[in-house]
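*Asks:* Pasting the sequence and the predicted coordinates here, then a few questions.
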Amino acid sequence: MVFNFYNRLTSRQQSIYRQSDDIKYLTLKDVKRLHDESTALETLLLEEDVAQIQIVCQTIADDIVSQIKSPRLKVQVLSVRPSDDWGELHGLYLPEEDGKPATIQVWMRTAKNKKVVAFKSFLRTLLHELCHHLDYEHFGFPETFHTEGFYSRESSLFKQIRL
């Protein structure tokens, strides 16, 4: 399935988009540790322990990229989401640049009320940004798009970790 903006892409970008859309799943071999880590993350969010949340998020990311055999990346857990008239930024993927490792940034508090984000939303944001990393580093796409396949891959990771 393609979204409306697809028609504004170059033919090269459309090809990347279709390739991404065709990949629906990411299969993990060992999910027990990831399940345990995600359960710990749920508790830590309630306790608002930023340092431990960052450690657990890094562990989750490390475990997934290790199982998928992709390069490691850095995870940063930040406080209040940036916002503007366009809305709130939940997460951000920064590709490797000038020798600096790729980085995922996730924010743990809403912009308006500064409340801790709901666990499922927070974990899905982490996995969403990790999927951008995998698009570049595992699948070798020169660009990453929000295709139906992209969202399916994100959901496949979430279901494996939480079931």
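*Replies:* Nice, I can see it.
*Asks:* Let me see the contact set for the residue nearest to residue 76 when sequence neighbours are not counted.
*Replies:* What sits nearest to residue 76 in space, not counting adjacent residues and going by CB to CB, 6 or more residues apart in numbering, is residue 105, at 4.8 Å. Where you see a C-beta, it was placed from the backbone N, CA and C, and this is true even at glycine. By CB atoms under 8 Å, 6 or more residues apart in numbering, the contact set of residue 105 is 76, 78, 91, 92, 93, 94, 129.
*Asks:* Show me which parts of the helix or strand in which the fourth one is found are buried, residue by residue.
*Replies:* Element membership of residue 92, judged by DSSP states H and E, is strand 91-94. Along strand 91-94, these residues count as buried under the neighbour rule (16 or more other CB atoms under 10 Å): 91, 92, 93, 94.
*Asks:* and which of these is nearest to residue 18?
*Replies:* Residue 18 lies nearest to residue 93 out of the buried residues of strand 91-94, by CB to CB, at 21.3 Å.
*Asks:* who's the closest one bridged to?
*Replies:* On the basis of DSSP bridges, residue 93 takes part in beta bridges with residue 104.
*Asks:* residues in contact with residue 90?
*Replies:* Contacts of residue 90 (CB under 8 Å, 6+ apart): 81, 106, 107, 117, 121, 125, 128.
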